[in-house]
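All I have is the shape, not the residue letters:
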């Protein structure tokens, strides 16, 4: 499933086409994706202007001048294709995605600028909704969600409160969306490795002095991945034409049995399963 940097990459690809544009035509080609489309979906969008495109965790939020917010989630295989005067771009070409197939194109947005954005989703685990702007934070999709890991509210003090007295390991708690929103398995593995924190260590046993550096490393890993176009991308051309392959710079994730890259460590990357997900770490330097 796409993680925060991949969704942010898609947002940045869509923003120049959709922000400030009026939706002149909306085509809904099936009644549902993961969930049914909201009643009046096409009518409520047609003629509306999308004033701003934001991201919250792994959700895209299109603010409309009519007071609604268009919420979009990519699920596992959701992708957008942009057709504009400059050519066709797919902002987010995921490694395991199926080749484009018109039969999986489920929603089409056309704008007054001549842009055409098509949403395709072969497995239909993605979804879209329309929520009144004032009700987004209280909606079940967002209620109780923690702060953004790149925002000012995510800091050492927050982790200290969340980890205090907890016996669960650090990785499990960092994946808890109620503590911090949008972190996924890949980037938590990478951050813990860079910070030298064991994914097996009970969170409550991590000294307060190590939490500030851990927060800084989480931000660093995410920002690097966003700058590179995300980690699970294939053939994505950023606005400057550069290809982004952050996965080539992973220090731990996917490197089972390879030497640890931490200077002076000499250990070997191991793989274990935690909560049904693979964890890659170095038993020697992550403590």
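The structure has been received and is ready for your questions. Worth saying up front: this structure is predicted, and the values here are computed from it rather than measured. Residues are numbered from 1 along each chain as shown.

and residue 273, how many neighbours does it have?
8 (other CB atoms under 10 Å). Heads up, the C-betas are built off the backbone N, CA and C, glycines and all.

Kindly state the beta-bridge partners for it.
When bridges are called by DSSP bridges, residue 273 pairs up with residue 278.

which stretches of this protein aren't confidently modelled?
Residues of the chain meeting the criterion pLDDT under 70: 1, 85-87, 92-100, 230-248.

Strands along that one, start to end?
Under the criterion DSSP state E, the chain contains strands at 21-28, 49-56, 59-64, 68-73, 79-84, 87-89, 105-111, 116-120, 127-132, 270-274, 277-281.

Let me have those strands in JSON lines, extended by distance to residue 140.
JSON lines is the format used below for these (distance: least, CB to CB, whole Å):
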{"stretch": "strand 21-28", "distance to residue 140": "22"}
{"stretch": "strand 49-56", "distance to residue 140": "14"}
{"stretch": "strand 59-64", "distance to residue 140": "12"}
{"stretch": "strand 68-73", "distance to residue 140": "11"}
{"stretch": "strand 79-84", "distance to residue 140": "25"}
{"stretch": "strand 87-89", "distance to residue 140": "33"}
{"stretch": "strand 105-111", "distance to residue 140": "22"}
{"stretch": "strand 116-120", "distance to residue 140": "22"}
{"stretch": "strand 127-132", "distance to residue 140": "10"}
{"stretch": "strand 270-274", "distance to residue 140": "27"}
{"stretch": "strand 277-281", "distance to residue 140": "24"}
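
how about the ones you listed, which one is nearest residue 264?
Closest to residue 264 of these is strand 277-281 (CB to CB; 17.0 Å).

hmm, back to that, between the strands of the chain, which one is closest to residue 287.
That would be, of the strands of the chain and by CB to CB, strand 277-281, which comes in at 10.5 Å.

follow-up on the earlier one: out of the strands of the chain, which comes closest to residue 152?
strand 49-56 (15.2 Å).

Between strand 68-73 and that closest one, find me the angle.
Interaxial angle, strand 49-56 versus strand 68-73 (axes from the mean of the first three to the mean of the last three CA atoms, to 10 degrees): 40 degrees.

Could you quantify the relative orientation of strand 49-56 and strand 21-28 as an angle?
80 degrees.

Would you list the phi and psi of residue 114?
phi 90, psi 0 (degrees, to the nearest 10).

can you tell me how far it sits from residue 82?
Distance, residue 114 to residue 82, using CB to CB, to the nearest Å: 11 Å.

same question, residue 182
Spatial separation of residue 182 from residue 82 under the definition CB to CB is 23 Å.

Looking at the two, which has the bigger crowd around it?
Neighbour totals were compared for residue 182 and residue 82, and residue 182 leads with 24 against 20 (other CB under 10 Å).

tell me the contacts of the more buried one?
3-4, 7, 56-58, 148-149 (CB atoms under 8 Å, 6 or more residues apart in numbering).

thought residue 272 was touching residue 283?
No. With contact defined as CB atoms under 8 Å, residue 272 does not count as touching residue 283 (9.5 Å).

picking that back up, so which of the strands of the chain comes closest to residue 175?
Between residue 175 and the strands of the chain, the shortest gap by CB to CB is with strand 277-281, which sits at 8.0 Å.

Can you list the residue ranges for helices in the stretch 151-287 of the chain?
Secondary structure of the stretch 151-287 of the chain by DSSP state H, counting those that start in this stretch: the helices cover 156-163, 170-174, 185-195, 211-228.

Among these, which comes closest to residue 14?
Closest to residue 14 of those, according to CB to CB: helix 211-228, at 14.7 Å.

Centre of the chain to the closest one, how far?
Mean-position distance between helix 211-228 and its chain equals 14 Å (CA atoms, centre = their mean, to the nearest Å).

Adding mean neighbour count as columns, could you present the helices of the stretch 151-287 of the chain in CSV?
Listed next are the helices of the stretch 151-287 of the chain as CSV, based on neighbours: other CB atoms under 10 Å:
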stretch, mean neighbour count
helix 156-163, 16
helix 170-174, 23
helix 185-195, 25
helix 211-228, 19
